[in-house]
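*Asks:* okay, sequence plus prediction incoming.
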Amino acid sequence: MKIMILAIGRLARSPEMELVKLYTGRATSSGRALGLGPVEVIEVESRKPGKAAEAEALMPHLNDAHVIACDEHGRARSSRVFADEIATLRDRGIRRLAFVIGGADGLDPTLLAQANGKLAFGPQTWPHALARAMLAEQVYRAVTILAGSPYHRDG
């Protein structure tokens, strides 16, 4: 199952982007044997301001994908539950999984309504660059949990 992190805006060379690359690379390498990956980041820009224009820029990348919207009103999950959900989608034959991160004002209500699920990073507000890095790390963590790797430790 191909996994995409689809986000509004482009990260320049930054520590956050280095983390995103590190974790998506690790998840891609470790996930192959599990039928997960590649894990890729797709960054898009909208030609106009506003959530509707951003949704329009995101939509072409969502064809035939199972969409999880990253949204403050979504459901927070433990890392183990997150991993189990990814495995369940893979086992159901989902070929493309897209995690969508909106712009500074969040995602358009139309896109949110069409999403198959919503994921929250907890009650705090996070910068978009950090949200990408956190999501990439959690995808990698999910892969390691499914592989039985000691990377994840339950507290």
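*Replies:* Yep, it's here. Numbering: from 1, shown residues only.
*Asks:* and the longest helix seen in the chain, how far from the chain's centre?
*Replies:* Scanning the chain for the helix with the most residues, using DSSP state H, yields helix 128-147. With Cα atoms, centre = their mean, to the nearest Å as the basis, helix 128-147 stands 8 Å off its chain's centre.
*Asks:* and that helix, what's buried?
*Replies:* Buried residues in helix 128-147, counting neighbours by 16 or more other Cβ atoms under 10 Å, are found at 128-129, 131-146. Glycine gets a C-beta too; all of them are placed from N, C-alpha and C.
*Asks:* what's that helix packed up against?
*Replies:* With contacts taken as 3 or more Cβ pairs under 8 Å, 6 or more residues apart in numbering; DSSP states H and E, helix 128-147 sits against strand 2-8, helix 15-31, strand 39-44, helix 79-91, strand 96-101.
*Asks:* kindly export that helix (C-alpha atoms) in CSV.
*Replies:* C-alpha atoms of helix 128-147 as CSV (Å, rounded to 0.1, in the frame of the first residue of the first chain):
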residue,chain,number,x,y,z
HIS,A,128,2.6,22.7,9.8
ALA,A,129,6.3,21.9,9.4
LEU,A,130,6.3,20.0,12.7
ALA,A,131,3.0,18.2,11.9
ARG,A,132,4.6,16.8,8.8
ALA,A,133,7.6,15.6,10.7
MET,A,134,5.5,14.1,13.5
LEU,A,135,3.3,12.3,11.0
ALA,A,136,6.3,10.9,9.1
GLU,A,137,7.7,9.6,12.4
GLN,A,138,4.4,8.0,13.3
VAL,A,139,4.2,6.3,10.0
TYR,A,140,7.7,4.9,10.5
ARG,A,141,6.8,3.9,14.1
ALA,A,142,3.7,2.1,12.7
VAL,A,143,5.9,0.2,10.3
THR,A,144,8.3,-0.8,13.1
ILE,A,145,5.4,-1.9,15.3
LEU,A,146,4.0,-4.1,12.5
ALA,A,147,7.4,-5.5,11.9
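*Asks:* contacts for it next, please.
*Replies:* 3, 5, 7-9, 11, 14, 16-17, 19-20, 22-24, 26-27, 30-31, 33-34, 36-37, 39, 41, 70, 79-80, 82-83, 86-87, 99, 101, 103-104, 121, 126, 151-152 (Cβ atoms under 8 Å, 6 or more residues apart in numbering).
*Asks:* filter those down to the buried ones, PyMOL style.
*Replies:* Remark: buried members of those, expressed as a PyMOL selection using 16+ other Cβ under 10 Å:
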select buried, resi 3+5+7+8+9+11+16+17+19+20+23+24+26+27+30+31+34+36+37+39+41+70+79+82+83+86+87+99+101+103+121+126+152
